[in-house]
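**Q** quick one, what's the 3D model for this:
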Amino acid sequence: MYEQESIKPYNSGEKGKQVEEMFNNIAPTYDTLNHRLSWDIDKGWRKKAIAQLQPFSPRHILDIATGTGDFAILAARMLTPEKLIGADISEGMMDIGRQKVKRARLEQIISFEKEDCLQLSYPENSFDAVTAAFGIRNFPDLDRGLKEIFRVLKPDGHLSIVELTSPVTFPMKQLFKVYSHTVLPIYGRLVSRDDSAYHYLTATIEAFPQGEQMVGIFKKAGFSEARFERLTFGICTMYLATK
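**A** Numbers count the residues shown, from 1 in each chain. The predicted structure is shown next:
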């Protein structure tokens, strides 16, 4: 068990249900907070993560923990797949994603489906690529979630992940700690009206495995290759794993 798996947004109940409740609660303000709290840098992180897949031209893509669909929409535009499924546990988040996809006129490519990341409904070898932005640290069981992703990927398929992480070098490590424990939860509470959500998100960022440890976790799940790149002084880390 990894440390972040024991961290829950609220006081009682199974973690997966609590995460679903939390994201339903903050869905209306999630995009605004994401972009403001990262000074819009998150948009560049997403582009880099999707660009990792461009040499492979994936035709069928699963965006896991899709949220409000930002990563899915960008992937559809940059990779021009035949079909892209955005999967998430939160209907509140996906409802916003559906509106955004309609405005972007991408309904023929992108669809949304409620899925449990630990027990995906798709057959083995279904997707050329799987993507995930800022979502896998919320998995109640990281090993099981990654094994499910591995299962639904086609042979030689790729997993591209971008995830918030704690910087490892001075002075960014210290500055990020101050920012994530003061500005992030206070501003998050003011805008989202959820006292717990942004304390939870900070705690999971700090607890989540990163870098070389995550590469080992990918290989444990069955991936033959995995690599990572730290972005923006380590505030974010990008991963690419191959089945």
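**Q** show me the longest strand that occurs in the chain.
**A** strand 153-164 (DSSP state E).
**Q** just checking, what packs against that one?
**A** Applying 3 or more C-beta pairs under 8 Å, 6 or more residues apart in numbering; DSSP states H and E, we find strand 153-164 packed against helix 41-51, strand 127-133, strand 236-242. The C-beta positions use only the backbone N, C-alpha and C, and glycine is treated the same way.
**Q** all the helices of this structure, residue numbers only.
**A** Along the chain, counting by DSSP state H, helices occupy 15-37, 41-51, 70-79, 91-103, 142-152, 172-181, 183-192, 197-207, 212-220.
**Q** okay, now residue 104: neighbour count?
**A** 16 (other C-beta atoms under 10 Å).
**Q** nearest residue to it in space, please, no chain neighbours.
**A** In space, and not counting its chain neighbours, residue 104 is closest to residue 73: 5.6 Å by C-beta to C-beta, 6 or more residues apart in numbering.
**Q** which residues touch residue 185?
**A** Residue 185 sits next to 198-199, 202 when contact means C-beta atoms under 8 Å, 6 or more residues apart in numbering.
**Q** for it, give its distance to residue 30.
**A** 15 Å (C-beta to C-beta, to the nearest Å).
**Q** and stretch 164-177, what's buried?
**A** 164-167, 172, 176 (16 or more other C-beta atoms under 10 Å).
**Q** stretch 55-66 now?
**A** Those would be 56, 58, 61-66, for stretch 55-66 by 16+ other C-beta under 10 Å.
**Q** ok, which pair from those residues is furthest apart?
**A** 56 and 65 (21.1 Å; C-beta to C-beta).
**Q** still on that earlier bit, and the helices of the chain, which one is worst for confidence?
**A** Set side by side, the helices of the chain give their lowest mean pLDDT on helix 183-192, at a mean of 70.
**Q** re earlier: most surrounded residue in the contacts of residue 185?
**A** Neighbour max across the contacts of residue 185 (other C-beta under 10 Å) = residue 198, 25 neighbours.
**Q** run a quick neighbour tally on the residue nearest to residue 104.
**A** Applying other C-beta under 10 Å, I find that residue 73 has 23 neighbouring residues.
**Q** I'd guessed it sits against residue 102; true?
**A** No: the pair residue 73 / residue 102 is not scored as a contact, 10.9 Å apart, by C-beta atoms under 8 Å.
**Q** apart from its chain neighbours, what residue comes closest to residue 113?
**A** According to C-beta to C-beta, 6+ apart, the nearest residue to residue 113 is residue 87 (5.3 Å).
**Q** distance check, the one you found against residue 147.
**A** 16 Å.
**Q** out of those two, which sits in the more crowded spot?
**A** residue 87 (25 against 15).
**Q** tell me which residues form a beta bridge with that one?
**A** residue 64, residue 113 (DSSP bridges).
**Q** in contact with residue 120, which residues?
**A** Here residue 120 is in contact with 87, 148-149, 151-152 (criterion: C-beta under 8 Å, 6+ apart).
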